[in-house]
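K.L.:
Just need the structure, nothing else, for what follows:
(chains A, B and C)
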Amino acid sequence: MKKTLGLLACLAAIVGLLAPGVSAQETIKVGIILPLTGAQAAFGEIEKNSFEMALEEINAAGGIKGKKLELIFEDDTGKPEVARSAAEKLINKDKVVMLGGGYGSSETFAIAGVAQQSRMPFLVNTGSADKITEQKWDYVFRLNPPASDYPGGLESFLTEVVKPKTAAILYEDSNFGTSSSQSFEETCERLGIKVLVKEGYSKGGVDFKPLLVKVKQANPDLIYMISYVMDAALLMNQSMELRLMPKLFVGGGAGFTMPEFQKNAGKAANMVFSATLWYQTLPYPGAKEYFDKYVKKHGKETEYHGAEAHAAAVVIADTLKRAKSLSPDDLRQALSETDVKTVFGPVKFTAYEKMTNQNKLPTYLVQWIDGKLELVWPKDVASKPYVFPIDWEKIWK
Amino acid sequence: MEVLIQTLVSGLLIGGIYALIGIGMSLIMGVMKIINLAHGQLMMVAMYITYVLFEALGLDPYFSLFIAMPCLFVLGALIQKFLLNPLLKVDSILPENQVLMTVGVGMVLTEVIRFIFHSDYKSVKTSYSSSAIYMGEISFNVPMVAAFGLALVLTAALFFFLLKTDLGKSVRATAQNTDAALLMGINAQWITVLTYGLGSALVAAAGTLLLPIYYLFPDIGGPFTLKAFVITMLGGMGSTVGAILGGIVLGIAESLGATYISMMLKDAVAMVIFLLVLIFLPGGLKTLTKV
Amino acid sequence: MKSSLWPFLIVLALIALFPVAVTSEYYRHIFIISLMWVVIGSSWNLLAGYTGQVSFGHAIFFGTGAYTAGLCMTKLGISAWWGMLLGGPISLLVGLVIGWICFRLRGPYFALATIAIGEIFRLVTTDWRSLTEGMEGILIIQTFRSKLPYYYLAFGLAILCTFGIYRVMKSKWGYYFVAIREDQDVAEHIGISAFRYKSLSLMISSFFTGTAGAFYMNYMAFIDPHVVFSLHDISIMAILVAIIGGVGTMWGPAVGAFIMVWLQETFRSAFFGLMPRWVSEAHVLVFGLLVIFVIRYLANGIIGDWPKIKRLWSKDRELSYSSSGN
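P.N.:
Here you go, the predicted structure:
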């Protein structure tokens, strides 16, 4: 008797567990692939939080054609082959109507390959190697600027304010790092800046001094670094230690805008510039509200990666609303006709240079000024005037 | 000239930490004749202990040495007692069973830590993390100098332990000839447990000293495991002085490689040196080639 | 002997019919990856399990095969499918050179040398951008939209590899290999050239691993040095796959491959979404624990120690009425 009762209780528990799945109203499923574990989990977390915030807003505003939007998150663990498996699972098993996410360039590539092959619309929101949208793949759309556009905001700053003659480029040997370093070198050539040192490094080095000492000897006006958070902090700490004093340090996005960079580099982070794609005070509708809400909800600051994710969710919802049906081709059609304003800026997919289905946005320059990340260029949107020239002796004292 | 000197100084200082990583491995390899492929992972665990102590109690990493080292000693001893020693009795096709077990142990340590702390980067930022002393233009990073000094102290302590104490002599006897040691009434099982514990405690010291200038995440162990056996081979197994030399040679080789060849290939430089030593300098290797 | 072949044929037939019965591309995908690992695990097993040379560097061959296929496309302008033909032989040549360097070392030293060479391959391919594109990787477009061609290709490759190794092990070579594993000095004494037969074993092993690498390029359509030359994800996984299934057994690596891939995918996807999210974070942990368990209690792997497992099972049941059996 006891046994039967126990069994019944178990059954009830199981039914109870399954019940919400059964009784829940029908949803529209979209798959989002992000690095939720692995070395880039910090970025994945910011993006996932932002996706979820946007999702709440979308569903609170009535969802999509009366149905609720559901985001299914998959973890790519920062590995392309896992990203591929995740995409396969979302498409074939979960039957999502479209894909989003894509953080690392390599993982984004892998997902894009599956998406194009399976004719599944895929909206990239962070993976930024130029090649991703240079394949003429009609199911792959990109909301964020490609890596070659990252230093766009920096360019006018260099020509108008700094006027450097020489530069050094240090980059992580990742996909993003390599392609960014390439395009910055081209930028330098165009601006007549001589690149004295251009060198890659593998993630996870303890001691960058041998590299930095070489840079110090070359004595460039500008040091441009493409690094993730911890390497960025180490590079700046060790530059400070070696008294490496160029006119300015500039980070090429990625790690240099993260709050953790400032936390780890301490005073060595001060006055460091970074290219960025977004800043909370930009005159985009909802940008500031999103930033404040994020800080309130999660107790820490968000930055451009989060804004990209939030915008991606909005674009996805907008596409689903406008599409004639949820068939991949109708969705692709709707996606290509996107014209929507997001916290990340206006989104509209065009073809330029060698790229297709690419959203074109201006990029900006931020600077860490006394522990706060401030937008400093272009001047008309700046949140604080830039600090230049910089007296390193005083700042590093 | 300044470039060369600074490169050498950097290499020397990082070499001190490498030595501390290598010395535990050298000890383990000398006594047990196994490659401990969980070595870097043990270091990683020690770093997390130090990190937790710092975050929770605000304990300075240098004080954590007194907690992390005993903890790792116990962890290492347990691994040896319950996972590695029982394998001696197991009949298996490959003699490398213990080595493969350390791979499994390393994997589980990494994943358990990942499970608890997730993959994101952690760091311990102390007031002295980036302070440096200057001699002319050349900078000496203070935590690295401290680590170097402590590495020398710990090595000396180990050296005297092995040379002067009865227990140390038993360890050396077991390293030289396990069977003979057994005949002399040495409990070889116990010695291996002790040795693995000591090796783990030493690498714990390395991790703790590294933390103020570095950062940590669960996968940090792998690359340091590689460095550890490179050092051991360079210096000759079981040799404490050899490990110091091996560490410094590796540190300087990497630094020179990074400055004069390419930062990206510095690890390849280390691997090439390692291969060359393995093939052309088998002096230190002879003792083990009885397999 | 004949009767023991039956269960095996049934398994083969089941695998052959699987994609017909299961149309989900997702499960087919997992099967394809499993079959690829059968090839890698079995190849490693030939060199280590049968010949006694524990390699920690099979990623070298896997990566060489994958890059051969990739470079066919990017440098020669021909289809990456040529890699399926060229990847094996080129890996074999690489294997020959590595054997020439490393086979003078024994036991753990051989293992260490292969780790070092594997790392050198990874670092150099990362740095050698003009040839390999470095970390930007090589991207191609899959030839087929359907998974079926890949499935049967992987299946064919797995059969070719396991049967090839089976034939080799039944031949005179096989006895030499095992003789070297058991005692290299004795083997040399009775006139077996250890160097020659170790090289042969390595060549066969690297050939199949390289072909698997070329298949990976064609199927996954994206490679970079850190993926295909990975010490942890390829070299060590190859070892663990074989250990789980059973080192020195014919079907052990195959069983190990399926266990590894399915276990990881099951946990990574949190039991296909049935379990809470945090379960997925344990996807490597569970596998690691299994590895420790197997090495500790089933030293010869699940296949090698199958009689032991069976005995344990039956002991539980029979113990109650025939405890004096032994």
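K.L.:
Tell me the pLDDT of the closest residue to chain C within the stretch 1-150 of chain A.
P.N.:
As assessed by C-beta to the nearest C-beta, chain C sits closest to residue A:92 within the stretch 1-150 of chain A, at 4.0 Å. Quick note: C-beta positions are derived from backbone N, CA and C, even for glycine. With respect to pLDDT, residue A:92 scores 87.
K.L.:
Run a quick check on it versus residue C:26, I expect a contact.
P.N.:
Yes - assessed by C-beta atoms under 8 Å, residue A:92 is found in contact with residue C:26 at 4.0 Å.
K.L.:
what about the nearest residue to residue C:94 once chain neighbours are set aside, how many neighbours?
P.N.:
Excluding the flanking residues, the one nearest residue C:94 by C-beta to C-beta, 6 or more residues apart in numbering or on different chains is residue C:64, at 5.1 Å. Taking other C-beta atoms under 10 Å in any protein chain shown as the neighbour definition, residue C:64 ends up with a count of 27.
K.L.:
Looking at whichever helix or strand residue C:64 is part of now, give me its mean pLDDT.
P.N.:
Per DSSP states H and E: residue C:64 is located in helix C:58-74. Mean per-residue pLDDT for helix C:58-74: 95.
K.L.:
what's the offset of it from the middle of its chain?
P.N.:
With C-alpha atoms, centre = their mean, to the nearest Å as the basis, helix C:58-74 stands 16 Å off its chain's centre.
K.L.:
can you pull out the helices in the stretch 51-200 of chain A?
P.N.:
For the stretch 51-200 of chain A, the helices defined by DSSP state H, counting those that start in this stretch occupy A:80-92, A:105-118, A:152-157, A:175-191.
K.L.:
TSV for those helices, including distance to residue C:291?
P.N.:
Listed next are the helices of the stretch 51-200 of chain A as TSV, based on distance: least, C-beta to C-beta, whole Å:
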stretch	distance to residue C:291
helix A:80-92	20
helix A:105-118	27
helix A:152-157	49
helix A:175-191	31
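K.L.:
how close does the residue of the stretch 1-150 of chain A closest to chain C get to residue A:98?
P.N.:
According to C-beta to C-beta, to the nearest Å, residue A:92 stands 14 Å off from residue A:98.
K.L.:
What segments of the stretch 51-200 of chain C are strands?
P.N.:
All strands of the stretch 51-200 of chain C, identified by DSSP state E, counting those that start in this stretch, fall at C:138-139.
K.L.:
Those residues of it touching chain A, which are they?
P.N.:
Within the stretch 51-200 of chain C, the positions near chain A by C-beta under 8 Å from any C-beta of the partner chain are C:123, C:126, C:127, C:129, C:134, C:135, C:136, C:137, C:139, C:141, C:142, C:145.
K.L.:
need the contact list for the fifth one.
P.N.:
It stands for residue C:134. A:173, A:178, A:200, C:125, C:126, C:127, C:128, C:224, C:225 (C-beta atoms under 8 Å, 6 or more residues apart in numbering or on different chains).
K.L.:
Just name the shakiest helix or strand of chain B by mean pLDDT.
P.N.:
helix B:178-183 (a mean of 80; mean pLDDT, DSSP states H and E).
K.L.:
Any buried residues in that one, and which?
P.N.:
Applying a neighbour-count criterion of 16 or more other C-beta atoms under 10 Å in any protein chain shown, one finds B:178, B:181 buried in helix B:178-183.
K.L.:
what's the answer for stretch C:77-91, then?
P.N.:
By neighbour count on 16+ other C-beta under 10 Å, the buried set for stretch C:77-91 is C:80, C:81, C:82, C:83, C:84, C:86, C:87, C:88, C:89, C:90, C:91.
K.L.:
shouldn't the last one be in contact with residue C:206?
P.N.:
Yes - between residue C:91 and residue C:206 there is a contact at 4.5 Å, judged by C-beta under 8 Å.
K.L.:
Overlap in contacts, the two.
P.N.:
Both residue C:91 and residue C:206 are in contact with C:60, C:61, C:64, where contact means C-beta under 8 Å, 6+ apart.
K.L.:
The second one and chain B: what is the separation?
P.N.:
The spacing between residue C:61 and chain B, counted by C-beta to the nearest C-beta, to the nearest Å, is 18 Å.
K.L.:
can you list the weak-confidence ranges in the chain?
P.N.:
Assuming you mean chain A. Within chain A, the stretches with pLDDT under 70 are A:1-25.
K.L.:
should've been chain C
P.N.:
C:1-4, C:315-326.
K.L.:
in the sheet, who's paired with residue A:31?
P.N.:
Beta-bridge pairing of residue A:31 under DSSP bridges involves residue A:72, residue A:99.
K.L.:
got a list of what it touches?
P.N.:
Here residue A:31 is in contact with A:71-72, A:74, A:86-87, A:90-91, A:94, A:96, A:98-101 (C-beta under 8 Å, 6+ apart).
K.L.:
can you do 6 Å?
P.N.:
Residue A:31 makes contact with A:72, A:90, A:96, A:99 under the criterion C-beta atoms under 6 Å, 6 or more residues apart in numbering or on different chains.
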